[in-house]
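> kindly generate the corresponding structure for this input.
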Amino acid sequence: MNQQLARILRFGLVGVVNTGVYYGCYLLFCRWLPVMAAHVLAFAVAMVGSYFLSCYFTFRTKPTWRKFLLFPLSNATNFVISTAGLYLLVHWLDVDSRIAPLVAAAAAIPFTYLVAQFVLVTRTAESELQP
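Residues are numbered from 1 along each chain as shown. Have a look, this model is predicted:
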């Protein structure tokens, strides 16, 4: 299996774990907070775990403070797509608020991979992987 495909599969596995963390937190927070506040807080909690899994497991790179501080920026695309999707699904299309975040998160996956790879994999490391 080539290295890029293996990385994509690891990213998918981390995404499943991250989605589970997000969704569990979202459902928990929805008991006390409005839908959008629960979404934002759950997203933040899941993103910290996602950073470490992405570094150690997906991209096999050393975590640094610089990458940690940039990682939320790399997820801005994911946040915008999932937030807009959640709002559209719940408020315009009347999708159940327990299901909508999963659909919105799925739409953001390809964009999140590209941006996370850009942030976590340095140019030097990429050039070492190329023949």
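
> who's in contact with the nearest residue to residue 70 once chain neighbours are set aside?
On the basis of Cβ to Cβ, 6 or more residues apart in numbering, the spatially nearest residue to residue 70 that is not a chain neighbour turns out to be residue 119, at 5.0 Å. Heads up, the C-betas are built off the backbone N, CA and C, glycines and all. Shown in contact with residue 119 (Cβ atoms under 8 Å, 6 or more residues apart in numbering): 67, 70, 71, 73, 74.

> before we move on, which element is residue 119 in?
Using DSSP states H and E, residue 119 sits in helix 100-120.

> how about that helix: buried residues?
The neighbour-count check on helix 100-120 (16 or more other Cβ atoms under 10 Å) flags 100-102, 104-105, 108, 111-113, 115-117, 119-120 as buried.

> report how many residues lie close to residue 16.
10 (other Cβ atoms under 10 Å).

> just residue 72 next, same as before
The number of residues packed near residue 72 is 15, by other Cβ under 10 Å.

> the residue lying closest to residue 75 once chain neighbours are set aside: which element?
The shortest distance from residue 75 to any non-neighbouring residue, by Cβ to Cβ, 6+ apart, is to residue 47 (5.8 Å). Under the criterion of DSSP H and E, residue 47 resides in helix 35-53.

> tell me the mean pLDDT for the next helix or strand after that helix?
Going down the chain from helix 35-53, the next helix or strand is helix 65-74, by DSSP H and E. On average, the pLDDT along helix 65-74 is 83.

> can you list the buried residues in helix 65-74?
Within helix 65-74, the residues scored as buried using 16+ other Cβ under 10 Å are 67, 71, 74.

> give the other helices and strands that the helix holding residue 47 contacts.
Contact partners of helix 35-53 among helices and strands, from 3 or more Cβ pairs under 8 Å, 6 or more residues apart in numbering; DSSP states H and E: helix 3-30, helix 65-74, helix 76-87.

> farthest-separated two in the contacts of residue 119?
Greatest spacing in the contacts of residue 119, by Cβ to Cβ: 67 and 73 (10.5 Å).
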